[in-house]
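S.K.: Take this sequence and fold it.
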Amino acid sequence: METVPQFFRVGPSPQVRLFFFALLSILLMVVDTRFSSFFGIRQTVGMIIYPLQKLAYAPMSLYDQVEELLDDLQLTKEIAYLRQQYFFNQQKLFRLQMLEEENAQLRQLLNAAQQTEAKAIMADILYVPRDPFNRKVTLNKGSTSGVTAGQVVVDDLGVVGQITQVHPWLAEVTLITDKDHSVPVQVARNGLRSVVSGAGKNNELELRYLSVNADIEQDDLLITSGIGGVYPPGLPVARVTNIEHDRSRDFAHITCIPIAGVNRNRQVLILSLSSPVPALPEEEPRNTVQQGKQRKNHAQ
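M.R.: As a prediction, this is how the structure comes out:
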């Protein structure tokens, strides 16, 4: 085993130096803890080595930033996808709700068609006029589907209006709320007959030509009387909401609201009477009657 010559041996042994520096470190820590003597030195050393620390941590910091950026991009894509799916699902939900409402209304319309003796044609409302004073709607059924002018239009609740114009594939309906439209009705409670007319508003009708002493009350139900042969008897039309008695007038001022959804339907039924009412016989001219009497007297 080779040994270092005595000439080249300098200083204490490694064990002694280790012990010395360990003891010196402990002494410095105790002095710094007790008297805070090296606070300024630590700050100075920290300021000197701070750039070196930043440079040492730069690769790791850059890696973390790149990873965070990639995560943000992935989250952005997922959020955009989820938002798109949310909109699609909302549209599907709205469509399903609309289909459920349409199915419920169609079932009610079918029940209404079965309860009436008239033939029924189902139709969809295509157009509603923009004019707020025009109480007419357009249906998607016309003369090619057997629709004719004068037919009654109803929903699952009651009378909506009457067909006034017919085209090959379209038909125009005048609603009962139109100011020029009238429906022969009678009070369901006592059979009192009258005529209800539109007031030119969505939810208002007027019951005209009833005296101030007429037997009518608030919340009375008005149904079609069947007089005139246009409306089948027994269809709900309106309900009385307000009665004003003015002794200075010959007739009472009575307002009603329609039973049917005249401004909220999408499907309606077009009714036609199975057996039309026969027309009134024409009156014989007076000359013909007088000639018949003269012939009878002459024969006697």
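S.K.: What ranges in the stretch 101-250 of the chain fall below the confidence cut-off?
M.R.: 102, 105-118 (pLDDT under 70).
S.K.: Show me the strands in it, by range?
M.R.: For the stretch 101-250 of the chain, the strands defined by DSSP state E, counting those that start in this stretch cover 119-127, 136-139, 152-154, 159-166, 171-175, 182-187, 193-201, 204-208, 221-224, 236-244.
S.K.: Neighbouring strands - and their directions - for the second one?
M.R.: This points to strand 136-139. The strands beside strand 136-139 in its sheet (DSSP bridges) come out as strand 119-127 (antiparallel), strand 171-175 (antiparallel).
S.K.: Please identify the buried residues of stretch 180-200?
M.R.: Across stretch 180-200, burial judged by 16 or more other Cβ atoms under 10 Å covers 181-187, 192, 194-200. Glycine gets a C-beta too; all of them are placed from N, C-alpha and C.
S.K.: My read is that Ile167 contacts Thr144, right?
M.R.: Heads up, residue 167 is His, not Ile. No. Counting by Cβ atoms under 8 Å, His167 does not reach Thr144; the two are 9.2 Å apart.
S.K.: quick one, the top helix by length along the chain and strand 119-127 angle?
M.R.: In the chain, with assignment by DSSP state H, the single longest helix is helix 39-115. Put simply, helix 39-115 runs at 140 degrees to strand 119-127, going by axes from the mean of the first three to the mean of the last three Cα atoms, to 10 degrees.
S.K.: Which other helices and strands does helix 39-115 contact?
M.R.: Counting contacts by 3 or more Cβ pairs under 8 Å, 6 or more residues apart in numbering; DSSP states H and E, helix 39-115 packs against strand 119-127, strand 267-272.
S.K.: so what strands line up beside the shortest one?
M.R.: Taking DSSP bridges as the criterion, strand 267-272 pairs within the sheet with strand 119-127 (antiparallel), strand 152-154 (antiparallel).
S.K.: so who does Asn190 touch?
M.R.: Applying Cβ atoms under 8 Å, 6 or more residues apart in numbering to Asn190 gives the contacts Asp215.
S.K.: for Val196, same thing?
M.R.: Applying Cβ under 8 Å, 6+ apart, the residues near Val196 are 176, 182-183, 185, 205-208, 222, 237-238, 256.
S.K.: got these as a markdown table, with distance to Ala22 columns?
M.R.: Formatted as a markdown table, those follow (distance: Cβ to Cβ, whole Å):
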| residue | distance to Ala22 |
| --- | --- |
| Ile176 | 107 |
| Ser182 | 115 |
| Val183 | 112 |
| Val185 | 113 |
| Leu205 | 107 |
| Glu206 | 111 |
| Leu207 | 112 |
| Arg208 | 116 |
| Leu222 | 110 |
| Val237 | 109 |
| Ala238 | 107 |
| Cys256 | 107 |
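S.K.: hmm, which of those are the buried ones?
M.R.: Members of these classed as buried by 16+ other Cβ under 10 Å are 176, 182-183, 185, 205-207, 222, 237-238, 256.
S.K.: tell me the most buried of the strands paired with strand 136-139?
M.R.: Greatest average neighbour count among the strands paired with strand 136-139 goes to strand 171-175 (a mean of 22), per mean count of other Cβ atoms under 10 Å.
S.K.: Let me know the angle separating that strand from strand 159-166.
M.R.: Using the same axes, to 10 degrees: strand 171-175 against strand 159-166 is 140 degrees.
S.K.: who's in contact with strand 171-175?
M.R.: Strand 171-175 has contacts (Cβ under 8 Å, 6+ apart) with 123, 135-139, 141-143, 147, 153, 160-166, 180-181, 198, 262, 268, 270.
S.K.: Only the buried subset of the residues you listed, as a ChimeraX command please.
M.R.: Buried members of the contacts of strand 171-175 can be picked out in ChimeraX with the line below, counting by 16+ other Cβ under 10 Å:
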select :123,135,136,137,138,139,141,142,147,153,160,161,162,163,164,166,181,198,262,268,270
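S.K.: Pull the contacting residues for Val262.
M.R.: Remark: with contacts taken as Cβ under 8 Å, 6+ apart, Val262 is in contact with 135, 160-161, 175-177, 202-203.
S.K.: go with 7 Å
M.R.: By Cβ atoms under 7 Å, 6 or more residues apart in numbering, the contact set of Val262 is 160, 175-177, 202.
S.K.: Now render these as TSV, adding distance to Tyr50.
M.R.: Formatted as TSV, those follow (distance: Cβ to Cβ, whole Å):
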residue	distance to Tyr50
Val160	84
Leu175	84
Ile176	88
Thr177	84
Asn202	78
